[in-house]
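**Student:** After the sequence you'll find the predicted model.
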Amino acid sequence: MRIRSLLMNLILITCLSGCAVLPVTPKYQSAKSFDGVPISYAVYGDKPVTLVFVHGWSCDSRYWNNQVPYFETRYRVVTVDLAGHGHSGMERTDYTMEAFGQDVKAVVDQIGARKVILIGHSMGGTVIAEAARLMPDRVIGIIGVDTIQNLERRFTPEEYTDFTAPFESDFRGHTDSFVREMFVDSTDPKIVEWVAADMSSAPPHVGISALKSYAKKYLDGTAPDVFESLDIPVRAVNADLWPTDAEANRRHMKSFEVTIIKNAGHFIMLDRARDCNSALDAAIAGLLEK
C-alpha cells in the first residue's frame, strides 16, 4: 500500500501541477481499529472543533488536499485512510461500512477530540454515519459530499448483480470506465486521468468487499437504518450529476439540508474545490450554531 501511495503521489504531482489539487505533505500517524488493523491519519491545526474528513470508495486521504489548507487555520483538520486504503493496514477480511465506522472512531479516540464534525465523500457518507452512531457524545453533525442522494433507493437482486459482477470479473478495467462516467465535460482532463488511474489501481479484494457492503444496504433496504439512529443534523454538499431526493432523506433523519453545486461531477472537492469549500464552510457554521 505504501509503494502504491508513493507512486500515485508522484503521478499526482506530475499530472496535476498547476491544476485544482493542492500539494499537502501529511505527517502520518496510526491508530489501532477495533480488530487491530492500523489506521493511518494526519492532523493539521489545533483548534477546539475537529473536522474529520473521510474519503470514498477506493480513494484515500489525498482526495481532501484542497480542503486541508482552507480549513486548518480555523479548525483541527483530520484526514483518515480507512482500512485497506492509503497507508492503512490490509489485515481485514470483510471491509464493511460498520468496520470503516470503527476505523474513524479509533482515530477520534486516539486524538481525544470532543467536538467533532464528520465529513465524508461518496461511500464515506455512510461511513461517517456509522462512526457518528458510535460516538453520540462527541459528534455534533455530519456532512456528506456528493452522497446520500436517496436513502429510499432500492436495488433489485438483478440490479445488484449487474452492478457488482463487472468489478469481480475485471476490477481494474471496469473501475476505470466506471470512474470516468462520474465527471462532467468541464472537468480538467488531468484530474480525470489521475482519479481513474488511482482508483483502478486499488486492491481488488478491498474494493469488491467494500462495494458489496455498501450496495447491499440498498438491496435489503437497510440504508436508512443508521441515519434513523442518529440524533444529530445531517447536511450534504452534492453535485447535480445525480438528483438528490431531500424529502425521501428527511423521512429517515432528524434534519437534512442539502446544497447543490450545479454543473459539477462526483469529485467536487477536486474539480470544484472553491465552491465545495464555500458550501462546506456554510454547512459547518450552521452545525456550530445549532
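**Tutor:** All right, it came through fine.

**Student:** those helices in the stretch 101-250 of the chain, which residues are they?
**Tutor:** Counting by DSSP state H, counting those that start in this stretch, the stretch 101-250 of the chain has helices at residues 124-134, 157-169, 171-180, 189-200, 204-219, 225-228, 246-250.

**Student:** Please list the residues outside the first one that contact it.
**Tutor:** This means helix 124-134. If you take CB atoms under 8 Å, 6 or more residues apart in numbering as the criterion, helix 124-134 is touched by 52, 54-56, 82, 97-98, 100-105, 108, 118-120, 139, 142, 144-145, 147-148, 214, 217, 223, 226-227, 229-230, 232, 234, 236. Bear in mind the C-beta positions are built from the backbone N, C-alpha and C, glycine included.

**Student:** what does the fifth one give?
**Tutor:** With CB under 8 Å, 6+ apart as the test, helix 204-219 has contacts from 57-58, 84-85, 90, 93-97, 100, 123, 126, 153-157, 160, 163-164, 167-168, 171-172, 175, 222-223, 225.

**Student:** what comes up buried for it?
**Tutor:** Neighbour counts over helix 204-219 (16 or more other CB atoms under 10 Å) mark 204, 206-219 as buried.

**Student:** Equivalent analysis for the third one, please.
**Tutor:** Within helix 171-180, the residues that count as buried by 16+ other CB under 10 Å are 171, 175-176, 178-179.

**Student:** The second one now?
**Tutor:** Burial within helix 157-169, assessed by neighbour count using 16+ other CB under 10 Å, is assigned to 160, 163-164, 167.

**Student:** Then stretch 237-255?
**Tutor:** Within stretch 237-255, the residues that qualify as buried by neighbour count (16+ other CB under 10 Å) are 237-239, 241, 244, 246, 248-249, 252-253.

**Student:** Tell me the one of the residues you listed nearest A196?
**Tutor:** L241 (15.9 Å; CB to CB).

**Student:** quick one: the closest one from Y214, how far?
**Tutor:** According to CB to CB, to the nearest Å, L241 stands 18 Å off from Y214.

**Student:** follow-up on the earlier one: mind putting the helices of the stretch 101-250 of the chain into a markdown table with distance to N263?
**Tutor:** A markdown table is the format used below for those (distance: least, CB to CB, whole Å):
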| stretch | distance to N263 |
| --- | --- |
| helix 124-134 | 21 |
| helix 157-169 | 26 |
| helix 171-180 | 17 |
| helix 189-200 | 15 |
| helix 204-219 | 27 |
| helix 225-228 | 28 |
| helix 246-250 | 19 |
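
**Student:** Could you save these as a markdown table and add columns showing mean pLDDT?
**Tutor:** Converted to a markdown table, the helices of the stretch 101-250 of the chain look like this (pLDDT from 0 to 100):
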| stretch | mean pLDDT |
| --- | --- |
| helix 124-134 | 98 |
| helix 157-169 | 98 |
| helix 171-180 | 98 |
| helix 189-200 | 98 |
| helix 204-219 | 98 |
| helix 225-228 | 98 |
| helix 246-250 | 98 |
